[in-house]
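Give me coordinates for this.
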Amino acid sequence: MGEVLSQSEIDNLLQALSTGELDVEQMQESGDRKVKDYDFKRPAKFSKEHLRTLEIIYEHYGRLISTNLPVYLRKNVQVSVTSSETVTFSEFTNALSNPVILGIVDFHPLGGTIIVELATNLGFAMIDRMLGGQGAPLEKTRDFSEIEMTILEKLIIICMQLMREPWKNVLDINPVMERIETNAQFAQVIAPSDMIAIVTMNVKIGDVEGLMNICLPYFTLEDVMDKLNTKYWFSTMQKEDAENYEEHIEALIKRIDIPVKAVLGKSQVSVNDFINLQPGDIIRLNTDVSSEMEVYVGNIRKFKALPGSSKDKYAVRVTEVIREEG
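Sure, this is the predicted structure:
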């Protein structure tokens with residue numbers, strides 16, 4: 001029940017209206033409430049802050065793909081995030097062509113899956129490169145063969161493993177490829193009315209350009225939605241950057257295998273002499289017996305050493321460290 005005015009308040013209000021101190025139209029406008037329509041079919045579960053954080057994550061992911069995928073395709077790869085939006089799952093699947101490349105990925109430890117959609121022209125270009133071609137897409141789209149699907153699955157699994165590092169500031173994930181579908185009807189992993197976030201990435205492999213869509217259902221990300229904000233993301237990243245990585249980097253470097261070779265000397269022989277070499281033959285080198293050998297680390301001349309043995313094995317004793325390449 002509204003507030004009841006006293007007689008004196010009513011008299012004061014009438015007097016103010018008669019003198020012009022109050023305007024009836026202004027009172028009516030101030031009393032109107034602005035109502036915003038709410039679409040219950042499309043609930044706003046992803047905020048702009050969530051979408052921006054997902055863009056930051058997949059910008060990092062795009063850089064990793066650009067660096068790692070050329071190792072397998074032997075072709076320059078460029079990846080960039082173009083947009084992010086929220087739609088219902090039915091809107092996403094209805095917009096898919098046939099055939100389509102859909103990777104169903106278990107987003108462990110989160111209780112759900114995500115979908116990675118790859119343009120078919122990119123898929124055929126990747127297959128062509130893996131089989132020794134120039135990386136050209138097909139002029140007319142067709143279904144993928146079993147051999148082609150096996151090749152694609154291996155490449156998409158490689159791409160999925162790269163998703164661990166960009167998500168590390170939010171959660172340590174272990175994405176596992178469940179299957180690849182070429183028909184959108186067999187990829188109904190969530191209800192058609194459920195909301196999803198789509199991060200669209202532009203992928204360019206040589207001269208072939210297409211889109212990669214990362215479909216992230218709200219159901220899958222629900223447990224980490226509070227962490228999908230730029231403030232939390234950057235604060236976590238700064239904490240990690242503040243740590244001392246010297247020991248970690250040193251440990252990684254120690255595990256790297258680098259070939260080391262000691263060169264006794266050099267000699268030039270004819271092809272005929274080389275073919276007819278027998279055990280016991282002597283090859284005259286361009287070095288003296290007492291001269292020091294050059295020791296190479298990789299392709300860099302790093303040490304000088306004298307030949308010898310250690311525990312019945314050939315060995316060298318380093319006599320000088322070469323600081324710069326001569």
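
Wait, a helix at M160?
Yes: counting by DSSP: H, G, I helix; E, B strand; the rest coil, M160 falls inside a helix.

Where do the strands of the stretch 51-200 of the chain begin and end?
Remark: strands assigned in the stretch 51-200 of the chain by DSSP state E, counting those that start in this stretch are 77-88, 101-108, 113-118, 174-181, 195-205.

quick one, which of these is nearest to R255?
Among those, the nearest to R255 by Cβ to Cβ is strand 174-181 (22.6 Å). Glycine gets a C-beta too; all of them are placed from N, C-alpha and C.

Pull up the pairing partners for the closest one, direction included.
strand 101-108 (antiparallel) (DSSP bridges).

model confidence over the strand it pairs with, on average?
What strand 101-108 shows for mean pLDDT is 89.

Stretch 72-86 now?
Here stretch 72-86 scores 89 as its mean pLDDT.

how distant is that stretch from the center of its chain?
9 Å (Cα atoms, centre = their mean, to the nearest Å).

residues in contact with G265?
L285, N286, T287, M293 (Cβ atoms under 8 Å, 6 or more residues apart in numbering).

Let's see that with 10 Å instead.
I283, R284, L285, N286, T287, D288, V289, S291, M293, E294 (Cβ atoms under 10 Å, 6 or more residues apart in numbering).

nearest spatial neighbour of it, skipping sequence neighbours?
Spatial nearest neighbour of G265, excluding adjacent residues (Cβ to Cβ, 6 or more residues apart in numbering): L285 at 3.1 Å.

Can you pull the domain assignment for the protein?
48-240, 260-272+283-321 (automatic domain parsing).

Would you mind finding the most buried of those domains?
Of all those, domain 48-240 carries the top mean neighbour count, a mean of 17, counting by mean count of other Cβ atoms under 10 Å.

low pLDDT regions in the stretch 151-300 of the chain?
Along the stretch 151-300 of the chain, the model assigns pLDDT under 70 to residues 230, 232-248, 252.

check contacts around the nearest residue to W167 once chain neighbours are set aside.
Closest residue to W167 apart from its sequence neighbours, by Cβ to Cβ, 6+ apart: I173 at 4.9 Å. Shown in contact with I173 (Cβ under 10 Å, 6+ apart): 105-110, 114, 160, 163-167, 224.

Kindly recompute the last result at 8 Å.
Taking Cβ under 8 Å, 6+ apart as the test, what I173 contacts is F107, H108, P109, L110, M163, R164, W167.

Check for me that K302 belongs to a helix.
No: counting by three-state DSSP, K302 is located in no helix; its state is strand.

Look at the residue lying closest to it once chain neighbours are set aside and say how many residues are nearby.
Counting by Cβ to Cβ, 6+ apart, I322 is the residue found nearest to K302 once chain neighbours are left out, at 5.7 Å. Using other Cβ atoms under 10 Å, the number of residues around I322 comes to 14.

Return the distance of the residue positioned nearest the centre of the chain relative to A262.
Nearest to the mean C-alpha position of the chain, by Cα atoms, centre = their mean, lies Y61 at 2.1 Å. According to Cβ to Cβ, to the nearest Å, Y61 stands 44 Å off from A262.

With V105 instead?
For V105, the distance to A262 - Cβ to Cβ - is 49 Å.

And the helices in the stretch 201-326 of the chain, which stretches?
Chain-ordered helices for the stretch 201-326 of the chain, with DSSP state H, counting those that start in this stretch as the definition, fall at 218-221, 230-242, 246-254, 271-275.

ugh, wrong one, I meant the stretch 1-150 of the chain
With DSSP H, counting those that start in this stretch as the criterion, the stretch 1-150 of the chain has helices spanning 7-19, 24-31, 48-73, 89-94, 120-130, 146-161.

of all those, which lies closest to A187?
Closest among those, using Cβ to Cβ: helix 89-94, at 7.0 Å.
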